[in-house]
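K.L.:
just to be clear, the model below is a prediction. Sequence and coordinates:
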Amino acid sequence: MSALPREELRGLFLFEHLSEDQLDWIAGNAVLEEYAADSTVISEGGEATCFYVLLNGAIRMTRLVSGTEVETNRSDQRGAYFGATQFFVHQESEHTYNTTVRALSDVTFLTLPSKEFSFEFRRWFPMATHLLEGMYLGWRNSDTVIGSRRRLLALGELSAGLTHELNNPAAAAVRATSALRERVAGMRHKLAFLAKKDIEPELLYQLIDVQERLVKQVAQAEKLTAMQQADREDEIGDWFEDRGIDGGWDLADIYVRAGLTTADLDSVLEQVGDSLIDGAVRWLAYALETEMLMGEIEDSTTRISALVGKAKQYSQMDRAPHQWVDVHDGLDSTLVMLSGKLGAGIRVVKEYDRDLPKIPAYPAELNQVWTNIIDNALGAMQGEGTLTLRTWGENEQVRVEIGDTGPGIPADIKPRIFEPFFTTKPVGEGTGLGLDISWKIVVERHQGDLRVESEPRNTRFEVCLPTVEQASL
């Protein structure tokens, strides 16, 4: 099909300022192509051989994001262009189309061969070509470097929070293990001391029976207030003093923490007698403290295991990218990863509806959404305020609301917060994960909705996620 005449070409905004010779080259090298409605014009990843200019009809542009086709643009504007748009850039490898274009109606295009057009374009506009090529390559390189740097910084912040949380139980386990070694050695010495007393085997058996009975009580020890703790220590300390046991006040703390009372000590005295009570209570103290230290080690290692589990839940290691998930798991694991930013001035309130159904989702991507919104909330509160996480179900959707008591989002910038690259934070601050990414993950990837309501001391982001599988775009 022949191309358009020179006068009609000049009516297209791309060509309106070209010279007569340049228009003649366009007319001589361009061809007209027609496509029926619902047909595919170009496919993402295909070799970029043509530069397309829309003459009439409407088109739809999409990109493939993690296996899902996402619409990026629609147009029916005469003169709109697509295809080999980077034809002016020299590359060793072949150019490829970075989008898929489909016809929404019957359409007509003016098409130019990209290689021939590139040669002529460079000859027509040498300085502009150098500037465009430098700008494009510079943007691509800096975007790659800065994007990698931002992701590393975000990972560093999350790792710091996890390390902070792991440090406390790990240090507690180390301290308890060291103390346990000393207590076991002391218990062996006390057992040897009792053996030298030539006590009756039956009496030793009774003492061991008392030990086992008292040790079992440690796990059921009630939590005491500071006042109750002090009163009970006084009672047990007086009991030891009345029976001439040296250092009884130090032993009293152990017996109280183990949940024992003077009634338990009376039972021990009744079984071993006055002559052996001193050695018996000291040996029992070692046994009780050993049991408590083992409980502390168990609690610490369980905590470490739970934290590692939360980290795996957050990163979704060894899991399918798409699965049925409980949103609460992701919220809780995100809080663990951001724990380094949850200072003493931040109060976390969870209002979870635990009866909510699981939803079909990409959990690793949803964790990016929770991370970004929660991190923004913590940054807005500047170390003091209330972070509220609330979940409920409505209209076949799971709703997640993340609220903070910061200063709020100014009304003049609220409409822009989901725009790409928009931020109110100074250069270098934040996770580098913009709210536009959160929007794409929730709305385009999961076909849900993301909303925000804000006023001073009450900003609420609401994420709406469908509870049933959605048809692909």
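P.N.:
Right, received. Where do you want to start?
K.L.:
any low-confidence regions in the stretch 51-200 of the chain?
P.N.:
Low-confidence segments of the stretch 51-200 of the chain (pLDDT under 70): 65-68, 90-94, 139-166, 168, 187, 190-200.
K.L.:
distance between stretch 332-345 and the chain's centre?
P.N.:
Put simply, stretch 332-345 sits 11 Å off its chain's centre (C-alpha atoms, centre = their mean, to the nearest Å).
K.L.:
what's the answer for stretch 295-304, then?
P.N.:
Offset of stretch 295-304 from its chain centre (C-alpha atoms, centre = their mean): 25 Å.
K.L.:
list the buried residues of that stretch.
P.N.:
Of the residues in stretch 295-304, 296-297, 300, 303-304 count as buried by neighbour count, 16 or more other C-beta atoms under 10 Å. Heads up, the C-betas are built off the backbone N, CA and C, glycines and all.
K.L.:
please enumerate the helices of the stretch 251-400 of the chain.
P.N.:
Ranges of helices in the stretch 251-400 of the chain, per DSSP state H, counting those that start in this stretch, are 262-272, 277-315, 327-337, 363-381.
K.L.:
what's around the residue lying closest to P407 once chain neighbours are set aside, how many residues?
P.N.:
Spatial nearest neighbour of P407, chain neighbours left out: P456 (5.7 Å); criterion: C-beta to C-beta, 6 or more residues apart in numbering. The number of residues packed near P456 is 10, by other C-beta atoms under 10 Å.
K.L.:
over to W324?
P.N.:
When neighbours are defined as other C-beta under 10 Å, W324 has 12 of them.
K.L.:
and it, bridged to which residues?
P.N.:
Judged by DSSP bridges, the bridge partners of W324 are P360.
K.L.:
these two touch, right, it and P360?
P.N.:
Yes - counting by C-beta atoms under 8 Å, W324 touches P360, with 5.7 Å between them.
K.L.:
how about the helices of the stretch 251-400 of the chain, which one is nearest Q211?
P.N.:
Nearest to Q211 among those is helix 277-315 (5.1 Å), distances taken as C-beta to C-beta.
K.L.:
quick one, that closest one and helix 262-272 angle?
P.N.:
Helix 277-315 and helix 262-272 are oriented at 130 degrees to each other (axes from the mean of the first three to the mean of the last three C-alpha atoms, to 10 degrees).
K.L.:
just checking, what packs against helix 277-315?
P.N.:
The helices and strands touching helix 277-315, judged by 3 or more C-beta pairs under 8 Å, 6 or more residues apart in numbering; DSSP states H and E, are helix 126-196, helix 201-218, helix 248-257, helix 262-272, helix 327-337.
K.L.:
show me what contacts A258?
P.N.:
214, 217-218, 221, 288-289, 291-292 (C-beta atoms under 8 Å, 6 or more residues apart in numbering).
K.L.:
so which strand or helix has F88?
P.N.:
Using DSSP states H and E, F88 maps to neither a helix nor a strand.
K.L.:
please apply the same query to L9.
P.N.:
When elements are defined using DSSP H and E, L9 is found to belong to helix 6-10.
K.L.:
hmm, back to that, now render the helices of the stretch 251-400 of the chain as CSV, adding distance to V107.
P.N.:
CSV is the format used below for the helices of the stretch 251-400 of the chain (distance: least, C-beta to C-beta, whole Å):
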stretch, distance to V107
helix 262-272, 90
helix 277-315, 45
helix 327-337, 43
helix 363-381, 34
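K.L.:
nearest to R181, out of the ones you listed?
P.N.:
The stretch from the helices of the stretch 251-400 of the chain with the least distance to R181 (C-beta to C-beta) is helix 277-315; that distance is 9.4 Å.
K.L.:
distance between the helix holding L9 and the chain's centre?
P.N.:
Averaging C-alpha positions (C-alpha atoms, centre = their mean) puts helix 6-10 55 Å from its chain's average.
K.L.:
other residues contacting that helix?
P.N.:
Here helix 6-10 has contacts from 3, 15-16, 18, 20, 23-24, 26-27, using C-beta under 8 Å, 6+ apart.
K.L.:
again, but for stretch 70-87
P.N.:
Around stretch 70-87, the neighbours that count as contacts under C-beta under 8 Å, 6+ apart are 12-14, 42, 48-64, 95, 97, 99, 101, 104, 111, 114-115, 117-118, 121, 136, 440, 444-445, 473.
K.L.:
repeat that for 6 Å
P.N.:
12-13, 42, 48, 50-54, 58-63, 95, 101, 114, 117-118, 444 (C-beta atoms under 6 Å, 6 or more residues apart in numbering).
K.L.:
stretch 125-133 now?
P.N.:
88-89, 122.
K.L.:
okay, now the closest residue to L378 other than its chain neighbours: neighbour count?
P.N.:
Excluding the flanking residues, the one nearest L378 by C-beta to C-beta, 6+ apart is K341, at 4.9 Å. Neighbourhood size, K341 [other C-beta under 10 Å]: 18.
K.L.:
what does S39 give?
P.N.:
11.
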